[in-house]
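[1] the sequence and its predicted three-dimensional model are supplied below.
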Amino acid sequence: MRELRIRTPLQALLLALVLGYAGILLLAPMVAITQGALGSGLGKLIEALLTPDVIDAFELTFLLAFGAVIINTIAGIALAWVLVRHNFPGKNVVNALVDAPFSFSPVIIGYALILLFGRNGWLQPANFQIAFAWPGMLLATIFVSLPFVTREVQPVLADLTREQEEAAFTLGASRWRTFRRIILPQIWSGLLYGIVLTFARSVGEFGAVAVVGGSIERQTETATVFVFRAMDDRNLIGAYGVSVTLGLLSIAILVVMSLLRRRPAR
Amino acid sequence: MSILVDNVSKSYQTKTHLSVVRNLTLEVLTGELFVLVGASGSGKSTLLRLIAGLVNVDQGRIWLHGRDVTDLPVQQRNTGFVFQNYSLFRHMTVAENIAFALSIRQVSRQERERRTDELLNLIGLDGYGDRMPSELSGGQQQRVALARALAHEPEVLLLDEPFGALDAKIRVQLRQTLREIQQRLNLTTILVTHDQDEAFELADRIGIIEQGNLLEIGVPSALYRRPQDRFTATFLGSANMLNGERNGNKVYLNYQHEQVTLKAPPNTEHLSGRQVDIFSRPEEIELALTPDGIRGQLIGTGIVQSATFAGPLERVLVQLSAPGKDSPDPITLQVVLTADEAREKGINPGQQVWVGLKDFHLLARTES
């Protein structure tokens, strides 16, 4: 990296402007919600965080996030594998579609899921409710967090030569064992990074789960949806408290991610 | 018979080209080092992969030590395979790489360590067990790949251009190592290469493969001096080819409206009455400043086009000329002289020389 040397006052001013802009943009919201949360004292904050609404919201949030992580890890590896190792007509289209969740508005995804699984929806099963219930919300979460594992694993997998697998086969290893002992250890750090991103995206999702879940209190209300309602209800301490908790979680995730990135590749 | 490839055919599209093996039959003897030589895309690597079971045959059978393995998966064929680009497991240490096949076979840890040390010693890398592959040179990595392929005591060893990614000096060293190890273990081995020097140095027998067909098999010296196939002749080193016709005990060499009569070499009676290629290696051609200086069979005169220094040798190009006639399509011969010979005889560019054949061989002319 090139070392920055400040020579003129103008350079110093510009530097201060850039850093100030980034600092205010990133730190100010964090400071604001922390201040808001602690404004009425720590006791009130803890009390607000222990209400059944909040506990239920966090339970559902983590349930959805873990569900999305498990499914997107398996499906994401499979998808990356197919895109790297196989040639088929339409491969480029599939590859481009993996990024669709980045460009689609989550609200539209939520609405589309209601059309598919709501009352009279094309795919609505007879005795199992999907829209306005957690299964629909899980589908929405899976959709919005789909690209991360695939996109993190894809380049690492492309770096592995097919010959390492073939070598393992000739040495007697089955396909599964070759995957477990040769491939998985080498894609591990990329995979882990993808999993952390999937988790972060899932916890933070609002639009898609709010729409498909219908924001039903203590039933289909995630942490982010709770914050939205709490503000509407003038329950500011609750809104601030949950926001701070989510913010701290995000910081923890950032720390984990930077640790993963710094891990030397063997 | 250790390896028997019986009338095997395979055709498949790889990333870069269509790979084909056509009705190929090959027998490799126990303990033999067989070298399969061919250009890239000739099907030589495909044949190796067919034997290992990395690809399946379209037709034909493959036998290893009397066992029909055609329908067995790669894991059960018990072959050792060495790839051109080492293909070591990059996340494992050298020792873990070597012991991989043993851990798959659930060999005890003690035995694994013993065997790993033994193999490290065999490849001359004692004490390197704890290193990562990335800490080794290319040559060392390929030694480890060899040890890894030997750990489970395979019935046959298959090497796919194993020295292709290494520089010349290392390549020569590794060839010796490989030959020693192969002989010590009396291991039936097929090595694939496009490098004729490698083939000559290593092979008990050589097979020439071209466009999926096995053209010719023989011991190196025979294939070099007395090839039966034009492709073999030109592929295994430089070759001079002259048009001729064999009749009675004579060979009539035709060039530039002249006809030179030569004595037919032995064992070429079957070519009698046929158009032939008179085939001579560069070192089998003599040059002299006077006709008396030619000890073999004189074929005419020529002009030295160039003389290139090549260490102990001098590579000379001579354009054959018939006295008093200018040909629109002159014949140029490649000649190799020892540096001493060239100096003593005073062979210099532009000079007129007498040309003779110390030795030559006849090939049936195929219509092309």
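    Yes, it's here.

[2] got any ranges where the chain has weak pLDDT?
    Just going to use chain A. Along chain A, the model assigns pLDDT under 70 to residues A:1-4, A:263-266.

[3] my bad, the chain I had in mind was chain B
    Across chain B (using pLDDT under 70), the flagged ranges come out as B:1, B:256-258, B:322-329, B:367-368.

[4] near chain A, which residues of it show up?
    Listed as neighbours of chain A in chain B under the rule Cβ under 8 Å from any Cβ of the partner chain: B:52-54, B:74-81, B:83, B:85, B:87-91, B:100-101, B:104-105, B:132, B:134, B:145, B:148-149, B:151-152. (Each C-beta comes from the backbone N, C-alpha and C, glycine too.)

[5] which strands and helices sit next to the helix or strand containing B:L50?
    In the assignment (DSSP states H and E), B:L50 maps to helix B:44-52. Packed against helix B:44-52 by the contact rule (3 or more Cβ pairs under 8 Å, 6 or more residues apart in numbering or on different chains; DSSP states H and E) you find strand B:3-13, strand B:18-28, strand B:33-37, strand B:59-64, strand B:79-82, strand B:156-160, strand B:188-193.

[6] list the buried residues for stretch B:30-40?
    Within stretch B:30-40, the residues scored as buried using 16 or more other Cβ atoms under 10 Å in any protein chain shown are B:32-38.

[7] same deal with stretch B:16-33?
    Applying 16+ other Cβ under 10 Å to stretch B:16-33 flags B:19-21, B:24, B:26, B:28, B:32-33 as buried.

[8] ok, now stretch B:297-315?
    B:297-304, B:307, B:313-315.

[9] any idea which residue of the stretch 1-150 of chain A lies closest to chain B?
    Nearest residue of the stretch 1-150 of chain A to chain B, counting by Cβ to the nearest Cβ: A:N87, 8.6 Å away.

[10] for chain A, see how far away B:G237 is.
    Here B:G237 is placed at a distance of 31 Å from chain A (Cβ to the nearest Cβ, to the nearest Å).

[11] how about the secondary structure of that residue?
    coil (DSSP: H, G, I helix; E, B strand; the rest coil).

[12] can you check the one 4 residues further on too?
    Of the three states, B:M241 takes strand under three-state DSSP.

[13] need the contact list for it.
    Shown in contact with B:M241 (Cβ atoms under 8 Å, 6 or more residues apart in numbering or on different chains): B:230, B:233-234, B:277-279, B:363.

[14] quick one: buried ones out of those?
    B:230, B:233, B:277-279, B:363.

[15] the helix or strand harbouring B:E314 pairs with which strands, parallel or anti?
    Taking DSSP H and E as the criterion, B:E314 maps to strand B:313-321. Here strand B:313-321 is paired, per DSSP bridges, with strand B:297-310 (antiparallel), strand B:332-338 (antiparallel).

[16] now the angle from the helix holding B:L50 to strand B:59-64?
    Between helix B:44-52 and strand B:59-64, the angle formed by their directions is 70 degrees, by axes from the mean of the first three to the mean of the last three Cα atoms, to 10 degrees.

[17] could you count how many residues lie near the residue lying closest to B:N243 once chain neighbours are set aside?
    Spatial nearest neighbour of B:N243, excluding adjacent residues (Cβ to Cβ, 6 or more residues apart in numbering or on different chains): B:N254 at 5.2 Å. For B:N254, the number of neighbouring residues by other Cβ atoms under 10 Å in any protein chain shown comes to 14.

[18] quick one: contacts of the strand holding B:E314?
    Contacts of strand B:313-321 (Cβ under 8 Å, 6+ apart): B:255-256, B:282, B:285, B:287, B:299-308, B:327, B:330-339, B:341-342, B:347, B:352-353, B:355.

[19] dump the buried ones among the contacts of B:M241 into CSV; add secondary structure as well.
    As requested, the buried ones among the contacts of B:M241 are arranged in CSV below (three-state DSSP):
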residue, secondary structure
B:R230, helix
B:A233, helix
B:D277, strand
B:I278, strand
B:F279, strand
B:L363, strand
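
[20] which of the residues you listed lies closest to chain A?
    B:A233 (33.9 Å).

[21] does that closest one touch B:P227 like I think?
    Yes - B:A233 is in contact with B:P227 according to Cβ atoms under 8 Å; the separation is 4.2 Å.

[22] name the residues contacting each of these two.
    B:279, B:363.

[23] quick revisit: can you list the buried ones among the contacts of B:M241 in TSV and add distance to B:R175?
    Shown next, in TSV, are these (distance: Cβ to Cβ, whole Å):
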residue	distance to B:R175
B:R230	28
B:A233	24
B:D277	32
B:I278	34
B:F279	28
B:L363	30
